[in-house]
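S.K.: My questions concern the predicted model and sequence given below.
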Amino acid sequence: MSKAVVFGSFVVDLMARSPHLPIPGETVKGSYFKMGPGGKGFNQCVAAHKAGSDVIMVTKLGKDAFGKVATDTMDSLKMQKDHLLFSDTEDTGIALILVDENTAQNEIIIVPCALNTITDEEVNGTEKIISDAEYVLLQLEVNQSANESIVKLAKRHNCKVIVNTAPYSPITEEFLSEIYMVTPNEVEVREITGVEVSDIESCDKAAKFFKEKGVEIVVITLGEMGAYVSTKERSAIIPSYKVNAVDTTGAGDAFNGALLAALTEGKDIFESVKFANAGAALSVQKYGTTPSMPDRKEIEKFIVAQSKKQAGIL
Ligand code: ATP
Ligand code: RIB
């Protein structure tokens, strides 16, 4: 039995680093270019898989060279490919990513292509794996009608739905009411709830909004501050690890993937968020998205080293 499913995007990332991000009309000479696997769904699935989770990826590709980037990556990582969907007419999605090499800030344009065409029939084809899974993790990069259908399917099979509300797009109250856990970042929280989060009090206010709609657990990622968690019983901010970040693109994905891996192995949500902070802290020290996801050994070694550092042993 597979414990988790990630239902979401694969795109090819075309990433360039430059001394500053161009303003409209400006051309900037870059210093580095890389093409590789990406998409929030795929990044999160790879992060969960490398962190030790038994996880299945469902995404939709074109029958083209960029689609092959997905299948080749999955082969090299020994991931299950049985639930990939293919479009006869649309291309594999792409993302253009610009990273400022001085500030590590980024700008992204994603063109979903085939990801906008997932049908109800294709969603229903996942019934067996959803019924076997404890969790399904979604993002907002595929057509929202597909996300709405998978949430209904998951509900019928007692599979818990985690939604990483990225990138922000409008969602309905009905959709929110069927979600077990949300994992927005600060920008998405502001867009969805109207609350500007900066501390535990403002996070509590935003969490109240989600809980009133029916969400059980609220996790808000707060960049280098760490992540806020709120359950029925308590809320807290779990601080991030202090590291030298060179590229934060995909930090949210590293966090969500590691979080899924920790939850599926039965860690409680507070322990899981600590583990997710470690996965994300490792990813921001490397360039790129999918390729920056750490494996289980790296995460465990990092957590041990950080505890020793805190205790003054190292
Ligand atoms: P992105 O869109 O860049 O992928 P995000 O906005 O979805 O990221 P963030 O809240 O910025 O997500 O970061 C997710 C997690 O990554 C944080 O909760 C934290 O654990 C970790 N993180 C982010 N930035 C840093 C940093 N500079 N140092 C250490 N950890 C970081
Ligand atoms: O979160 C990072 C991801 O967002 C990139 O891999 C890019 O594909 C965009 O979807």
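M.R.: Yep, it's here. Remember, predicted model here, so these are calculated numbers, not experimental data. Ligands and ions are numbered 1, 2, ... in the order given.

S.K.: make it CA atoms for all contacts and neighbour counts henceforth
M.R.: Noted.

S.K.: Any idea how many residues pack against Asp82?
M.R.: If you count neighbours by other CA atoms under 10 Å, Asp82 ends up with 9.

S.K.: list the contacts for it?
M.R.: By CA atoms under 8 Å, 6 or more residues apart in numbering, no residues touch Asp82.

S.K.: tell me the secondary structure for it?
M.R.: Assigned by DSSP: H, G, I helix; E, B strand; the rest coil, the conformation of Asp82 is coil.

S.K.: For Asn164, see how far away it is.
M.R.: As judged by CA to CA, to the nearest Å, Asp82 and Asn164 stand 24 Å apart.

S.K.: Is there any residue in the host helix or strand of Leu98 that contacts ligand 1?
M.R.: Secondary structure assigned from DSSP states H and E places Leu98 in strand 93-100. No - residues of strand 93-100 contacting ligand 1 under CA under 6 Å from any ligand atom: none, with a closest distance of 10.5 Å.

S.K.: and what of stretch 104-116?
M.R.: No - if you take CA under 6 Å from any ligand atom as the test, stretch 104-116 misses ligand 1, and the best it gets is 7.5 Å.

S.K.: For that stretch, C-alpha coordinates in CSV please.
M.R.: This file holds the C-alpha atoms of stretch 104-116, laid out as CSV (Å, rounded to 0.1, in the frame of the first residue of the first chain):
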residue,chain,number,x,y,z
ALA,A,104,18.6,35.2,-3.9
GLN,A,105,15.1,36.7,-4.8
ASN,A,106,13.3,35.2,-7.7
GLU,A,107,10.6,35.9,-10.3
ILE,A,108,8.7,33.1,-12.0
ILE,A,109,6.3,32.7,-14.9
ILE,A,110,4.7,29.3,-15.2
VAL,A,111,2.9,28.2,-18.4
PRO,A,112,0.9,25.1,-17.4
CYS,A,113,0.0,23.9,-21.0
ALA,A,114,-1.1,20.2,-20.5
LEU,A,115,-1.6,20.8,-16.7
ASN,A,116,-4.7,22.9,-17.5
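
S.K.: now for the strand holding Leu98, which elements pack on it?
M.R.: strand 11-18, strand 106-111 (3 or more CA pairs under 8 Å, 6 or more residues apart in numbering; DSSP states H and E).

S.K.: Dump these into JSON lines; add mean pLDDT and mean neighbour count as well.
M.R.: Output for the helices and strands packed on strand 93-100, formatted as JSON lines (pLDDT from 0 to 100; neighbours: other CA atoms under 10 Å):
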{"stretch": "strand 11-18", "mean pLDDT": "97", "mean neighbour count": "22"}
{"stretch": "strand 106-111", "mean pLDDT": "95", "mean neighbour count": "15"}
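
S.K.: Out of these, which gets nearest to Glu201?
M.R.: strand 106-111 (28.6 Å; CA to CA).

S.K.: Identify the residues contacting that closest one?
M.R.: By CA under 8 Å, 6+ apart, strand 106-111 touches Leu21, Gly93, Ile94, Ala95, Leu96, Ile97, Leu98, Val99, Asp100, Thr248, Thr249.

S.K.: Try it again at 10 Å.
M.R.: Around strand 106-111, the neighbours that count as contacts under CA atoms under 10 Å, 6 or more residues apart in numbering are 11-17, 20-22, 39, 91-100, 141, 167, 247-249.

S.K.: Among those residues, name the buried ones.
M.R.: 11-17, 20-21, 39, 91-100, 141, 247-249 (16 or more other CA atoms under 10 Å).

S.K.: re earlier: how many degrees apart are the strand holding Leu98 and strand 106-111 in direction?
M.R.: 170 degrees (axes from the mean of the first three to the mean of the last three CA atoms, to 10 degrees).

S.K.: Give me the sheet partners of strand 93-100 and which way each runs.
M.R.: strand 11-18 (parallel), strand 106-111 (antiparallel) (DSSP bridges).

S.K.: Export it to CSV, keeping only CA atoms.
M.R.: This file holds the C-alpha atoms of strand 93-100, laid out as CSV (Å, rounded to 0.1, in the frame of the first residue of the first chain):
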residue,chain,number,x,y,z
GLY,A,93,4.3,22.9,-19.1
ILE,A,94,7.3,25.2,-18.5
ALA,A,95,8.5,27.8,-16.0
LEU,A,96,10.8,30.7,-16.6
ILE,A,97,12.7,31.4,-13.4
LEU,A,98,14.9,34.5,-12.8
VAL,A,99,17.1,34.5,-9.7
ASP,A,100,19.0,37.6,-8.4
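
S.K.: Go back to the buried ones among the contacts of strand 106-111 and keep what's next to ligand 2.
M.R.: Among those, the ones lying near ligand 2 by CA under 6 Å from any ligand atom are Val11, Asp13, Gly39, Ala95, Thr249.
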